[in-house]
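> please work out how this folds:
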Amino acid sequence: MSYKPLENVTIVFSTANITVCADEWGDLYYTTEIPDEFVNQGEPYPRSKCKPIIDLPPEQFDHVLAIYKELPDDLLEHLIRGEEQEDA
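From the prediction side, this is the model:
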């Protein structure tokens, strides 16, 4: 039995009109189709409209990855897997 990926990824954040999304395994994708002011963190977005994050030019890739690495793990778990955040 093969596994079919989910049709949507989850919006994680946006910077400089690059919207970063993650799939159910935490793999990162991006789109430039959504202006920053219309990005809603945690919303689903069609995987078919995204490209793998590695396809970004090196400088943009490094910038996006640095932001992603600064996000709290519990926030990422909540966004990507829908797990509840614990109060600190």
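> center of the protein, which residue is that?
What sits nearest the mean C-alpha location of the chain, by CA atoms, centre = their mean, is residue 21, with 1.8 Å.
> is it true that that residue touches residue 31?
Yes. Using CB atoms under 8 Å, residue 21 is in contact with residue 31, at 7.0 Å. Every residue, glycine included, has its C-beta placed from N, CA and C.
> which residues do those two both contact?
With contacts taken as CB atoms under 8 Å, 6 or more residues apart in numbering, residue 21 and residue 31 have 45, 50 as neighbours in common.
> quick one, strands of the protein?
Along the chain, counting by DSSP state E, strands occupy 8-15, 18-22, 28-31, 44-46, 51-52.
> in CSV: those strands, plus mean pLDDT.
Below are the strands of the chain laid out as CSV (pLDDT from 0 to 100):
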stretch, mean pLDDT
strand 8-15, 94
strand 18-22, 95
strand 28-31, 97
strand 44-46, 95
strand 51-52, 97
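> among those, which is nearest residue 65?
Across these, residue 65 has its closest neighbour in strand 28-31 (8.0 Å, CB to CB).
> avg pLDDT for the top helix by length along the chain?
Scanning the chain for the longest helix, with DSSP state H as the assignment, gives helix 58-70. Confidence over helix 58-70 (mean pLDDT, whole number) is 95.
> list the buried residues for it?
For helix 58-70, the neighbour count (16 or more other CB atoms under 10 Å) marks 61, 64, 68 as buried.
> closest to residue 79 among the residues you listed?
Distances from residue 79 to those, taken by CB to CB, are shortest for residue 68, at 11.2 Å.
> what sits against the closest one?
Counting by CB under 8 Å, 6+ apart, residue 68 touches 12, 13, 20, 28.
> please identify which pair of those lies farthest apart.
Using CB to CB, the contacts of residue 68 reach their maximum pairwise distance at 13 and 28, which is 10.6 Å.
> overlap of the contact sets of the two?
Common contact partners of residue 13 and residue 28 (CB under 8 Å, 6+ apart): 20, 68.
> tell me the pLDDT of residue 79.
On the pLDDT scale, residue 79 is placed at 79.
> tell me if I'm right that it and residue 41 touch.
Yes. Assessed by CB under 8 Å, residue 79 is found in contact with residue 41 at 6.7 Å.
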